[in-house]
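S.K.: Next input, structure requested:
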Amino acid sequence: MTLFTLPGEAGEGSGEFAPRGGNAQELTCRWLALASLPGVGPVRLAALHRARPVWPDGWLARLPAGAAAVLRLWLDHPVRSPLTATIQRALDWQREAPDCHLLHPDHPRWPALLDQIADPPPLLRGRGELAALTPPRVALVGSRRPTREGLANARRFGADMARSGWCVVSGMALGVDGAAQTGALDAGGVSIAVLAGGVDLAYPQRHRGLYRRLLEEGGLLLGERAPGDRARPGDFPRRNRIVTGMSCGVLVVEAAELSGSLISARLAAEQGREVMAVPGSIHSPQAQGCLRLIREGAALVRNVDDVLAELSTWGPRQGAGCRPEASDQADVERFQDDLTQGDSLLLRWLSDAPAPVDALVGLAGCDVASCQRELTLLEISGRAALVAGGWVRLPPAEAQTRSRDVD
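M.R.: This is a model prediction of the structure:
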């Protein structure tokens with residue numbers, strides 16, 4: 001099957017997957033084209049996407065002249081456009097197997113949290129189960145040369161978070177990353193590996209077994225690079241922004257003073273995510289990075305309960321709701337008054353099926369901080385509750401009971 005109708009057939013560019021269409025395949029082609037435009041990086045594409053320009057005229061009007069000319073050629077004469085071959089290769093790869101995926105911001109399984117960062121990838125290749133994107137996600141990162149205790153902690157936190165209903169995200173690197181993901185799989189949970197190279201390449205080679213387990217046990221491999229592309233040094237920091245950006249928080253299990261994991265922690269803080277660190281001995285070089293993060297304000301965590309407490313507004317947790325602080329009571333009362341006049345924006349998207357925060361962010365079109373605050377007020381007001389799997393809307397009778405419980 002060809003992507004575009006050839007000249008002399010129904011008319012150039014008017015085939016089943018014409019670039020001006022709007023079905024699922026055509027949306028994929030559109031994002032493949034946008035991601036391949038010269039001189040347009042993730043930051044500019046994200047800013048344009050947030051402006052919601054009409055396709056294609058709104059995009060053409062806002063793109064730089066050179067990129068607009070390349071896009072115009074693809075739209076009007078796809079057979080002559082160099083973009084067509086790039087798009088066709090990507091679609092051919094996607095058709096190779098049912099577990100090959102092309103994800104973009106208009107895809108129903110796109111991680112909505114990525115839209116909240118400044119430089120989200122315009123396109124992600126994926127291999128594995130897209131269902132791994134359903135649970136709320138936490139990133140576990142750390143040293144490539146951990147101590148024996150660091151490795152054990154990584155496995156334990158990975159397993160405990162998986163048992164608590166969380167998906168463990170990491171980079172499949174040697175050391176802490178791989179140990180955390182192995183722990184999650186050993187516990188019967190799911191894990192997502194974000195790779196710096198093509199998703200068809202197991203890197204590092206020592207993790208070929210983990211790579212196969214992720215594919216065979218419900219996990220997912222994601223990456224920006226095209227299949228077959230080997231990772232270059234500059235690809236690893238770019239990969240890290242995806243690991244933290246698609247997660248609700250990042251836990252640094254063990255890291256030296258100059259560890260690259262501290263870059264991930266900084267990215268997470270800039271992205272508005274929770275930053276946590278496991279403390280270690282003041283005499284251990286491999287603990288100095290975590291101790292520094294804690295000194296700078298990262299949450300000190302000792303066990304999974306501490307992690308769940310830090311992530312309590314994002315997804316599954318242990319324990320019941322909390323009583324509002326006196327300083328917040330005025331906000332609660334104003335919010336309850338607003339609810340008497342009509343449902344909140346988020347409440348319209350809640351049902352009896354649990355929805356994680358990142359899904360609600362995408363549905364409601366709000367930022368993470370606003371989403372978290374409104375969910376907390378909904379919980380205090382007895383209109384919503386956090387259960388295993390995410391947030392649910394409470395029926396009126398139960399809502400009244402819960403509201404009295406926090407009075």
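S.K.: show me where the stretch 151-300 of the chain has helices.
M.R.: Assigned by DSSP state H, counting those that start in this stretch, the helices in the stretch 151-300 of the chain fall at 176-186, 208-216, 235-245, 261-270, 288-295.
S.K.: could the ones you listed be laid out in a markdown table, adding mean neighbour count, mean pLDDT and distance to A131?
M.R.: Just so you know, the C-beta spots here come from the backbone N, C-alpha and C atoms, and that holds for glycine as well. Listed next are the helices of the stretch 151-300 of the chain as a markdown table, based on neighbours: other CB atoms under 10 Å; pLDDT from 0 to 100; distance: least, CB to CB, whole Å:
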| stretch | mean neighbour count | mean pLDDT | distance to A131 |
| --- | --- | --- | --- |
| helix 176-186 | 26 | 98 | 15 |
| helix 208-216 | 17 | 98 | 13 |
| helix 235-245 | 22 | 94 | 19 |
| helix 261-270 | 22 | 94 | 25 |
| helix 288-295 | 20 | 97 | 32 |
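S.K.: Could you say which one of those comes nearest to L130?
M.R.: helix 208-216 (12.8 Å; CB to CB).
S.K.: CA atoms only for the closest one, dumped as PDB, please.
M.R.: Below are the C-alpha coordinates for helix 208-216, written out as PDB (Å, rounded to 0.1, in the frame of the first residue of the first chain):
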ATOM      1  CA  ARG A 208      18.800  -7.800  26.400                       C
ATOM      2  CA  GLY A 209      17.000 -10.100  28.900                       C
ATOM      3  CA  LEU A 210      15.200  -7.100  30.500                       C
ATOM      4  CA  TYR A 211      14.300  -5.800  27.000                       C
ATOM      5  CA  ARG A 212      12.700  -9.200  26.200                       C
ATOM      6  CA  ARG A 213      10.900  -9.300  29.600                       C
ATOM      7  CA  LEU A 214       9.400  -5.800  29.000                       C
ATOM      8  CA  LEU A 215       8.000  -7.000  25.600                       C
ATOM      9  CA  GLU A 216       6.700 -10.300  27.000                       C
END
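S.K.: ok, residues contacting that helix?
M.R.: When contacts are defined by CB atoms under 8 Å, 6 or more residues apart in numbering, helix 208-216 is touched by residues 99, 127-128, 172, 178, 181-182, 185, 191, 193, 202, 219-221.
S.K.: what does stretch 173-183 give?
M.R.: 140-146, 150-151, 154-159, 162, 168, 170-172, 191, 193, 204, 206-207, 210, 213-214, 219, 253-254, 261.
S.K.: Kindly check the end-to-end length of stretch 245-265 for me.
M.R.: One end of stretch 245-265 to the other measures 11 Å (CA to CA, to the nearest Å).
S.K.: could you list every residue that touches the most centrally placed residue in the chain?
M.R.: Residue closest to the mean C-alpha point of the chain, counted by CA atoms, centre = their mean, is M246 at 1.9 Å. By CB under 8 Å, 6+ apart, M246 lies in contact with P111, L113, L114, R137, V169, I192, V194, D358.
S.K.: let's go with 7 Å and repeat that
M.R.: P111, L113, L114, R137, V169 (CB atoms under 7 Å, 6 or more residues apart in numbering).
S.K.: Distance of the closest residue to H104 other than its chain neighbours relative to L48?
M.R.: Distances taken as CB to CB, 6 or more residues apart in numbering place W31 nearest to H104, at 3.6 Å, with adjacent residues excluded. According to CB to CB, to the nearest Å, W31 and L48 sit 12 Å apart.
S.K.: between these two, who's got more neighbours?
M.R.: W31 (23 against 17; other CB atoms under 10 Å).
S.K.: close enough to count as contact, the more buried one and P121?
M.R.: No - W31 is beyond contact range of P121, at 10.2 Å (criterion: CB atoms under 7 Å).
S.K.: how about the spatially closest residue to E224 that is not a sequence neighbour, what does it touch?
M.R.: Spatial nearest neighbour of E224, chain neighbours left out: P121 (4.9 Å); criterion: CB to CB, 6+ apart. Residues in contact with P121 (CB under 7 Å, 6+ apart) are P42, E224, I242.
S.K.: what sits against the nearest residue to the last one once chain neighbours are set aside?
M.R.: Closest residue to I242 in three dimensions, ignoring its sequence neighbours and counting by CB to CB, 6+ apart: V194, at 4.9 Å. Taking CB under 7 Å, 6+ apart as the definition of contact, the neighbours of V194 are V169, G171, L222, G223, R239, I242, V243.
S.K.: Who does the closest residue to Q181 other than its chain neighbours form a beta bridge with?
M.R.: Closest residue to Q181 apart from its sequence neighbours, by CB to CB, 6+ apart: S191 at 4.4 Å. Per DSSP bridges, the residues bridged to S191 are V168.
S.K.: Verify the stated contact: V253 with F157.
M.R.: Yes - V253 is within contact range of F157, at 6.2 Å (criterion: CB under 7 Å).
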